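no FASTA, just this:
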């Protein structure tokens, strides 16, 4: 469930039952439009509200409604910094287009920051085809054993209505859709627009204020990372809900980004510990732009819900403005058509900024994207029984002014805010998408002024109930915690460097075995403070993240509102593993080897393409089995323990870790990743386990100790 949908559901539950049922017109003789799944695909209050707002011309409005009643196409994006990017793109580009009239697979035409694909096959088409339905069930069962992500099942099945072509594409792509690989991510087409308008550069400090579930954050990682996956930027992904933060970790740690920091704060009270070059504010909203993928919203749509969201959105957006560097860029976005959540919010933060903020004209950005200008006139509906409309705050009765605030109405000085036309409105009928609103703002100078806290009458819907106190993890073992790795917050058990907490034995053993630079070991390797003396895992984060870590909330500064509540940081580089004959008790981890491969002085070997394929094609490989004698000599000189292997001429992303025992090498690669790499290299593996599955080594400590000797 998306962040907006989750917030919307909770907010609707807070409304009285009478109000929640208001969208059902009593005594209406008009037959309701329903889909096969029995969702009501119409709402008289929705139609009346937006006709009155004059979002579109009377002639175009029926097409708008008709498009909203159709299922949303499936869209997915290829991770550009992933090690499997080239093979996934090649597979998709070579996919034969159907000739029988079934839905094709096409590139998203306007997206030029990478590779994104789109197909119009719907869930209904999948369910109505007996063979495809069987295939869908097969993929669901594979998801349950961890072989494929449920988010990707539908796009894999829906690429073609022909079963034979479906199987061919699934055969290639199911290896890359596993969550652990991070090669493909599913999202709405319009959701890629806000990040595309951030104008990101390498080295930027970036804040994703409302980051969950993480698809936009993943897109940002692509744009702030070098081709080898390293990044000197700072990327803070924040969410107000701790359970959604665990989900963020689950989704984003697969990208192994050393610039990533995940925090848990209400957006409107995010601590002012650093100023950012770029801020994405994709706020919680009523979400009626997502009606195509969430048709149950038709019957529950109510304009009054936007009153509560408006206050929250203003508070979050204004706080983001205060965290922006002079000259920095902020992108504000919602998946709502409602001007109370869109132009009214932008207008209010422009007013508060006292000309220190301006709307950027992005009309020439993203050629090929069809967009409409923002509104400069709108109205607020009085949701009392008489249903009157207000066009200015002077018309609002005193008894309604606590509910309908001045910031919800258009400004009296209309000419001063003509720049609202620079906002972008994306309508579903223009490019067969969902609905979206985007505003791009730039800080002319340092913004100071009114605070960003919520007013006392604000009914904060789902985003304002998270307390700042640090919870006790044993009391938080909810389903989300278990699924998404809930554990100790970094705020509870900080990451520290060896320079802060010196451990001579560990330092010397790592330097002796891997010949890493001493400065990197002291400052670049991090571990949990509770593990002083024998850290279980060692992490790496770039300098920008390391500089932020001392500002984390902890038991010593629990009352400090300027301290960051950090949930996650760092990429796992090494972990403790006792090994007879090894100078160090720490072994390398494949997930972070690309970040330190070039720094290794020992325990690394460059292989010819044939030898690289030979290493990965077998469960274990006897020593001295490479075709290149020099490679055999280098392996022989390595200590027992983990060794990093790289294909000559390839980037660090291709580096893998193997365990060297007394007589053989064993790849330490997650099952799904190893299968995907083998597929990308065209390796056919004949060896089978007794149950018929491929023999692929999985890097857990028990099997490592048993099989590496």
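Nice, thanks for sending it over. Worth saying up front: this structure is predicted, and the values here are computed from it rather than measured. Residues are numbered from 1 along each chain as shown.

Not counting sequence-adjacent ones, nearest residue to the residue most central in space within the chain?
The residue lying closest to the centre of the chain (CA atoms, centre = their mean) is residue 214, at 1.7 Å. Leaving aside its chain neighbours, residue 214 sits nearest to residue 251 (4.1 Å; criterion: CB to CB, 6 or more residues apart in numbering). For glycine as for every other residue, the C-beta is placed from the backbone atoms N, C-alpha and C.

Quick one, grab the pLDDT at that neighbour.
For residue 251, the model assigns a pLDDT of 84.

ditto for residue 672
Note for residue 672: predicted pLDDT of 70.

and if you look at the one 10 residues further on?
Per-residue pLDDT puts residue 682 at 70.

ok, now how distant is it from residue 650?
15 Å (CB to CB, to the nearest Å).

who has more neighbours, those two?
Neighbour count, other CB atoms under 10 Å: between residue 682 and residue 650, residue 650 has more, with 15 against 8.

Let me know the secondary structure of the more buried one.
At residue 650, secondary structure determined by DSSP: H, G, I helix; E, B strand; the rest coil is coil.

ok, now which ones touch it?
By CB atoms under 8 Å, 6 or more residues apart in numbering, the contact set of residue 650 is empty.

Residue 430: how many residues sit nearby?
Per other CB under 10 Å, the neighbour tally for residue 430 reads 16.

Which pLDDT value goes with it?
At residue 430, the pLDDT value in this model is 96.

wait, isn't it in contact with residue 368?
No: taking contacts as CB atoms under 8 Å, residue 430 lies outside contact range of residue 368: 11.5 Å.

What's the mean pLDDT across stretch 233-242?
Taken as a whole, stretch 233-242 has a mean pLDDT of 94.

From one end of that stretch to the other, what's the distance?
By CA to CA, to the nearest Å, the extent of stretch 233-242 from end to end equals 24 Å.

where does the stretch 551-700 of the chain have low pLDDT?
554-559, 679, 684-700 (pLDDT under 70).

remind me which residues of the protein are low pLDDT?
Using pLDDT under 70, the chain drops low at 1-39, 94-104, 121-182, 385, 449-489, 491, 554-559, 679, 684-709.

Of all the helix elements in it, which one is longest?
Ordering each helix of the chain by length in residues (DSSP state H) puts helix 305-322 first.

And it, how far out from the chain middle?
Mean-position distance between helix 305-322 and its chain equals 22 Å (CA atoms, centre = their mean, to the nearest Å).

Which strands or helices does it pack on?
Counting contacts by 3 or more CB pairs under 8 Å, 6 or more residues apart in numbering; DSSP states H and E, helix 305-322 packs against helix 3-14, strand 276-282, strand 324-334, helix 343-353.

So which elements touch the helix or strand residue 616 falls within?
Take DSSP states H and E as the rule and residue 616 turns out to sit in helix 609-617. Other helices and strands packing on helix 609-617, by 3+ CB pairs under 8 Å, 6+ apart, are strand 641-647, strand 656-660, strand 664-667, helix 671-680.

In JSON lines, list the ones you listed along with distance to residue 372 and mean neighbour count.
Converted to JSON lines, the helices and strands packed on helix 609-617 look like this (distance: least, CB to CB, whole Å; neighbours: other CB atoms under 10 Å):
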{"stretch": "strand 641-647", "distance to residue 372": "49", "mean neighbour count": "24"}
{"stretch": "strand 656-660", "distance to residue 372": "49", "mean neighbour count": "25"}
{"stretch": "strand 664-667", "distance to residue 372": "53", "mean neighbour count": "22"}
{"stretch": "helix 671-680", "distance to residue 372": "41", "mean neighbour count": "22"}
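
of all these, which lies closest to residue 241?
For the helices and strands packed on helix 609-617, the distance to residue 241 is smallest for helix 671-680, at 28.5 Å, taking CB to CB.

sorry, back to before: pretty sure the residue nearest to the centre of the chain sits against residue 252.
Yes: in this structure, residue 214 is within contact of residue 252 by CB under 8 Å, at 5.2 Å.

Please enumerate the shared neighbours of these two.
Common neighbours of residue 214 and residue 252, using CB under 8 Å, 6+ apart, are residue 237.

what residues are up against residue 277?
Shown in contact with residue 277 (CB under 8 Å, 6+ apart): 201, 204, 205, 206, 325, 328, 329.

Give me the buried entries from those residues.
The neighbour count (16 or more other CB atoms under 10 Å) marks 204, 205, 206, 325, 328, 329 as buried among the contacts of residue 277.

quick check, nearest of the residues you listed to residue 69?
If you rank the buried ones among the contacts of residue 277 by distance to residue 69 using CB to CB, residue 329 comes first, at 36.1 Å.

What residues are bridge-paired with the closest one?
Assessed by DSSP bridges, residue 329 has beta-bridge partners residue 278, residue 442.

now it: how far from residue 265?
According to CB to CB, residue 329 stands 21 Å off from residue 265.

Quick check: chain neighbours aside, which residue is closest to residue 267?
Once flanking residues are discounted, residue 267 sits nearest to residue 316: 3.8 Å by CB to CB, 6+ apart.

what's the answer for residue 60, then?
Using CB to CB, 6+ apart and skipping the chain neighbours, the partner closest in space to residue 60 is residue 429 (7.5 Å).

Repeat that for residue 239.
Sequence neighbours aside, residue 212 is the residue nearest to residue 239 in space, at 4.3 Å (criterion: CB to CB, 6+ apart).

isn't the one you found right up against residue 246?
No: judged on CB under 8 Å, residue 212 makes no contact with residue 246 at a distance of 9.6 Å.

what's residue 520 in contact with, if anything?
Residue 520 is in contact with 596, 599, counting by CB under 8 Å, 6+ apart.

Correct me if wrong, but it is in a helix.
Yes: secondary structure of residue 520 (three-state DSSP): part of a helix.

Now for residue 75, how many residues are close by?
22.

Revised request: answer the last question for residue 198.
Counted with other CB under 10 Å, residue 198 comes out at 23.

so which strand or helix has it?
Secondary structure assigned from DSSP H and E places residue 198 in neither a helix nor a strand.

what do you get for residue 206?
Going by DSSP H and E, residue 206 is in strand 205-208.

Quick check: what element follows that strand along the chain?
If you walk from strand 205-208 toward the C-terminus, the next helix or strand you reach (DSSP H and E) is helix 215-224.

one step back: other SSEs contacting the strand holding residue 206?
helix 215-224, strand 234-238, strand 276-282.

Could you report the neighbour count for the residue nearest to residue 216 when sequence neighbours are not counted?
The shortest distance from residue 216 to any non-neighbouring residue, by CB to CB, 6+ apart, is to residue 195 (5.3 Å). A count of nearby residues for residue 195, using other CB under 10 Å, gives 24.

Please apply the same query to residue 621.
Look at residue 621: counted by other CB under 10 Å, it has 19 neighbours.

And for it, nearest residue in space, chain neighbours not counted?
The shortest distance from residue 621 to any non-neighbouring residue, by CB to CB, 6+ apart, is to residue 665 (4.7 Å).

returning to that earlier point: now render the helices and strands packed on helix 609-617 as TSV, adding distance to residue 415.
Shown next, in TSV, are the helices and strands packed on helix 609-617 (distance: least, CB to CB, whole Å):
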stretch	distance to residue 415
strand 641-647	62
strand 656-660	63
strand 664-667	67
helix 671-680	58
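
mind checking which of these is nearest residue 384?
Proximity to residue 384, assessed across the helices and strands packed on helix 609-617 by CB to CB, is greatest for helix 671-680 (56.3 Å).

Show me what that closest one packs onto, helices and strands only.
Helix 671-680 packs on helix 85-93, helix 609-617, going by 3+ CB pairs under 8 Å, 6+ apart.

Now mean neighbour count too, for these, in a markdown table please.
Converted to a markdown table, these look like this (neighbours: other CB atoms under 10 Å):
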| stretch | mean neighbour count |
| --- | --- |
| helix 85-93 | 17 |
| helix 609-617 | 18 |
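
right, and those - which one's nearest residue 623?
Short answer: helix 609-617, nearest of the helices and strands packed on helix 671-680 by CB to CB, at 11.5 Å.
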